[in-house]
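In: Next comes the sequence, and after it the predicted model I'd like to discuss.
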Amino acid sequence: MFDIEKWLPFLLGKSYQITSNLMRSALSKFNLTPPQFATLAFLWRNEGINLNELGSLINVDRTTIGEIVSRLEKLGYIRKQEDQKDRRSTIISVSDRGLEIQAEVFEELNRVQMGLDQRLSKEEQDQLVKLLTKFRLI
């Protein structure tokens, strides 16, 4: 008999729902969604990259990353500039406001991480990260 409670797609989906809700709650005071946070996190690490590079890092298409970037720009967390090397391209950078919230955002999300970490041993956490990284690279 089919056991949905042990079916990997079901478990991954439910895990996503739980973690997404926790992240949404933690990010709500910044008016950020999890995809917007991920975009900012990549920009905090890779300052001044173009839209295509950013989309590749996050693994989303050009339209999706364009929409996320537009929302982040409206929130004042990023700025766009014309690429001096390629005028057809736009460089995305974190604004001063985006830098100001960085530590507080990480503090909020560390609370989420600590709550999740309590359910797993350090070895289980490491193994889970390793396995999920394999899925991300598919």
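Out: Structure received. Everything numeric here is computed off the predicted structure, so don't read it as measured data.
In: which one is the most centrally placed residue in the chain nearest to, not counting chain neighbours?
Out: Closest to where the C-alpha atoms of the chain average out (C-alpha atoms, centre = their mean) is A38, at 1.8 Å. In this structure, A38 finds its nearest non-sequential neighbour in I58, 5.8 Å apart by C-beta to C-beta, 6 or more residues apart in numbering. (Glycine included, C-beta is placed from N, CA and C.)
In: That neighbour and F42, how far apart?
Out: 6 Å (C-beta to C-beta, to the nearest Å).
In: now the helices: where do they sit in the protein?
Out: 8-27, 34-45, 51-58, 62-75, 96-117, 122-136 (DSSP state H).
In: can you pull the buried residues of the shortest one?
Out: Of the residues in helix 51-58, those scored as buried under the neighbour-count criterion (16 or more other C-beta atoms under 10 Å) are 51, 53-55, 57-58.
In: same thing with the fourth one?
Out: By neighbour count with 16+ other C-beta under 10 Å, helix 62-75 contains the buried residues 65, 68-69, 71-72, 75.
In: Extract the CA atoms of it and return them as PDB.
Out: Taking Å, rounded to 0.1, in the frame of the first residue of the first chain, the C-alpha atoms of helix 62-75 are listed here in PDB:
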ATOM      1  CA  ARG A  62      14.900  36.400 -16.100                       C
ATOM      2  CA  THR A  63      11.200  37.400 -15.700                       C
ATOM      3  CA  THR A  64      11.000  36.200 -12.100                       C
ATOM      4  CA  ILE A  65      14.300  37.800 -11.000                       C
ATOM      5  CA  GLY A  66      13.200  41.000 -12.700                       C
ATOM      6  CA  GLU A  67      10.000  41.100 -10.700                       C
ATOM      7  CA  ILE A  68      11.800  40.400  -7.400                       C
ATOM      8  CA  VAL A  69      14.300  43.100  -8.200                       C
ATOM      9  CA  SER A  70      11.600  45.600  -9.000                       C
ATOM     10  CA  ARG A  71       9.900  44.900  -5.700                       C
ATOM     11  CA  LEU A  72      13.200  45.200  -3.700                       C
ATOM     12  CA  GLU A  73      13.900  48.500  -5.500                       C
ATOM     13  CA  LYS A  74      10.400  49.800  -4.500                       C
ATOM     14  CA  LEU A  75      11.200  48.800  -0.900                       C
END
